[in-house]
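>>> please find the sequence and the predicted model below.
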Amino acid sequence: MLRDYMSGERDDFSLEFRMRHKEGHWVDILSRAHLVRDENGQPERVVGTHLDIAERRQAERALFGERAFLQHVIDGIDDPIIVTGPDCEVARMNRAVQESAGQSPLDTGSMTCYSAACHTTQPCSGKEYPCPL
């Protein structure tokens with residue numbers, strides 16, 4: 001990364017890592033920096049910060065746990081469950097839909113509700129393709 005700064009390919013970076021605190025425990029850090037150049041475009045100095053992101057990491061772990069719990073609950077239901085956004089993109093589905101769609105419930109990618117439920121590339125409409133949701 002330092003080579004990229006010195007060669008002029010980039011002037012900013014953001015990196016997350018763990019650092020040992022002077023008291024001996026580990027801390028999650030977000031490091032950000034900006035390369036300051038002189039009037040000739042030559043690197044002059046790097047200005048940056050280290051930010052303790054332990055609270056954010058703890059919240060991310062809690063959110064992951066909540067999502068895993070939700071998935072476990074909806075997977076226990078035998079009826080198909082599809083959670084979608086306003087654009088018909090699948091946000092989450094249970095195992096009943098997974099078996100029908102041949103997709104992982106957590107790896108929905110850009111799957112739409114109509115491709116998961118009706119196996120079609122066209123949005124549900126009319127009598128031929130009524131929306132099952």
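That came through fine. Computed from a predicted model, the values in this text were never measured in an experiment.
>>> can I see the domain layout of the protein?
Domain segmentation of the chain under automatic domain parsing yields 2-52, 57-117.
>>> which one of those is the most hemmed in?
Of all the domains of the chain, domain 57-117 carries the top mean neighbour count, a mean of 14, counting by mean count of other CB atoms under 10 Å. Quick note: C-beta positions are derived from backbone N, CA and C, even for glycine.
>>> chain center to that domain, what's the gap?
In terms of CA atoms, centre = their mean, to the nearest Å, the centre of domain 57-117 is set 14 Å apart from its chain centre.
>>> mean pLDDT for the domains of the chain: which is lowest?
Lowest mean pLDDT within these: domain 57-117, at a mean of 84.
>>> still on that earlier bit, the domains of the chain: which one's closest to Lys127?
domain 57-117 (15.1 Å; CB to CB).
>>> look at that closest one and report the distance between its end residues.
One end of domain 57-117 sits 36 Å from the other (CA to CA, to the nearest Å).
>>> cool, stretch 3-22 as well?
29 Å.
>>> report the distance from that stretch to the chain centre.
The answer for stretch 3-22 is 22 Å, by CA atoms, centre = their mean.
>>> before we move on, back to that, the domains of the chain: which one's closest to Pro123?
domain 57-117 (5.4 Å).
>>> TSV for the domains of the chain, including distance to Cys131?
Output for these, formatted as TSV (distance: least, CB to CB, whole Å):
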stretch	distance to Cys131
domain 2-52	42
domain 57-117	8
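>>> first-to-last residue distance for stretch 3-11?
For stretch 3-11, the end-to-end distance is 11 Å (CA to CA).
>>> just stretch 74-90 next, same as before
14 Å.
>>> name the residues that touch it?
With CB atoms under 8 Å, 6 or more residues apart in numbering as the test, stretch 74-90 has contacts from 91-97, 100, 105, 108, 110-114, 116-117, 123, 133.
>>> returning to that earlier point: of the domains of the chain, which is nearest Glu128?
domain 57-117 (12.1 Å).
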